[in-house]
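Engineer: Any chance you can model this:
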Amino acid sequence: MTTLPRSALTFALTVLVAQAGFAQAKVVSAPPEPSLLNITRQWSRASILGDLREMRAASDHRELRVWVGFGLTGETQLVTLRRANGHWSAFVARVLRCEIQVPRAVGDTASRATMERYNAEARQHCGITVPDVSPGAQVVTTDTLLVAPIVAPETAIEAAWTAAVRAGVLDLPPRVVRTQSVDDVATYVVEIRSGNEYRASAIERLEQPETLADKQVKDVYAAVFGLRSDGPSVKP
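Structural biologist: Numbering: from 1, shown residues only. Reported below is the predicted structural model:
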């Protein structure tokens, strides 16, 4: 039997402890499928933010993402508060539609690799709508998440986190059961990560709250999006 030197054993134990301190999240609560989380996670994965549920984070990691939009009209926006390595930071983001024209014959038979190339090319033309589709052509569309840091003191970012917690962000249900349908309204999608625990909610944005959760999520939104006045606007 081979015996490891004491130094090698100590190193191996140190690596194991370090890996144990950085873990993917356990889902405590989330909206039932299908949900808007499938979209927000795709946008996040393709951006510098990363998938909040999948990222490996330390036990003291804290992060709150508040999305609003997803309606037939209007823009989808995001504000993120993050505490990592003992420091607070914040980001603002907006979703942009990206479009290009391709020959219809090519688009109808394109392989997955070709479509990925078209999507990458489309992302070079975000925020510009194709005015007129040429005969024999089709439009390839994709979305991208444009992210910028919010320039604000760490104390202000931490205060926004504290205000969101006081507003009830940790108590939000995954969704609100409505007595009647609410169509063509914006929706809040809230994601929160505390160490290895992940929570998410998807709640419609109503002018007149019907439930406690409706009021709580509006207050959470106000606390977090108030930081935007300290940061840059996100432009294409």
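Engineer: mind listing the strands for the chain?
Structural biologist: Secondary structure of the chain, counting by DSSP state E: strands at 22-23, 26-29, 57-58, 62-69, 77-84, 87-103, 137-149, 187-194, 197-204.
Engineer: Please convert those to CSV, extending it with mean neighbour count, mean pLDDT and distance to residue 111.
Structural biologist: For the C-beta atoms, the positions are set from N, CA and C on the backbone; glycine is no exception. Compiled in CSV, the strands of the chain are given as follows (neighbours: other Cβ atoms under 10 Å; pLDDT from 0 to 100; distance: least, Cβ to Cβ, whole Å):
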stretch, mean neighbour count, mean pLDDT, distance to residue 111
strand 22-23, 14, 65, 37
strand 26-29, 12, 94, 34
strand 57-58, 20, 90, 36
strand 62-69, 22, 96, 32
strand 77-84, 21, 96, 32
strand 87-103, 18, 82, 13
strand 137-149, 17, 77, 14
strand 187-194, 22, 96, 32
strand 197-204, 22, 96, 34
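Engineer: Please produce CSV containing the ones you listed, extended by distance to residue 166.
Structural biologist: Output for the strands of the chain, formatted as CSV (distance: least, Cβ to Cβ, whole Å):
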stretch, distance to residue 166
strand 22-23, 28
strand 26-29, 19
strand 57-58, 23
strand 62-69, 13
strand 77-84, 14
strand 87-103, 17
strand 137-149, 25
strand 187-194, 14
strand 197-204, 16
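Engineer: any weak-confidence spans in the chain?
Structural biologist: For the chain, applying pLDDT under 70 flags the ranges 1-23, 72-73, 98-102, 104-110, 114-115, 118-134, 136-142, 229-236.
Engineer: circling back to that earlier point, for residue 46, which of the strands of the chain is the nearest?
Structural biologist: Smallest distance to residue 46 across these (Cβ to Cβ): 6.7 Å, for strand 137-149.
Engineer: so who does the closest residue to residue 185 other than its chain neighbours touch?
Structural biologist: Nearest residue to residue 185, sequence neighbours excluded (Cβ to Cβ, 6 or more residues apart in numbering): residue 204, at 5.2 Å. Applying Cβ atoms under 8 Å, 6 or more residues apart in numbering, one finds that residue 204 lies in contact with 176, 178, 182, 185, 186, 187, 188, 214.
Engineer: From residue 29, how far out is residue 204?
Structural biologist: Note on residue 204: its distance to residue 29, by Cβ to Cβ, to the nearest Å, is 18 Å.
Engineer: Residue 89 too?
Structural biologist: Using Cβ to Cβ, residue 89 is found at 26 Å from residue 29.
Engineer: do residue 171 as well
Structural biologist: 10 Å.
Engineer: same question, residue 59
Structural biologist: Going from residue 59 to residue 29 by Cβ to Cβ gives 20 Å.
Engineer: I'd like to know how far residue 219 sits from residue 112.
Structural biologist: For residue 219 relative to residue 112 (Cβ to Cβ), the value is 43 Å.
Engineer: Looking at these two, which is more packed in?
Structural biologist: The neighbour count for residue 219 versus residue 112, taken as other Cβ atoms under 10 Å, is higher for residue 219 (17 against 7).
Engineer: wait, doesn't that one sit right on residue 172?
Structural biologist: No - counting by Cβ atoms under 8 Å, residue 219 does not reach residue 172; the two are 10.6 Å apart.
Engineer: got the domain boundaries for the protein?
Structural biologist: Listed by automatic domain parsing, the domain ranges of the chain are 23-96+148-230, 98-143.
Engineer: Look up the closest residue to residue 157, ignoring the ones flanking it.
Structural biologist: Nearest one to residue 157, counting by Cβ to Cβ, 6+ apart, is residue 88 at 4.1 Å.
Engineer: what do you get for residue 91?
Structural biologist: In space, residue 91 is closest to residue 80, 4.4 Å off (Cβ to Cβ, 6+ apart).
Engineer: Alright, that wraps it up for me.
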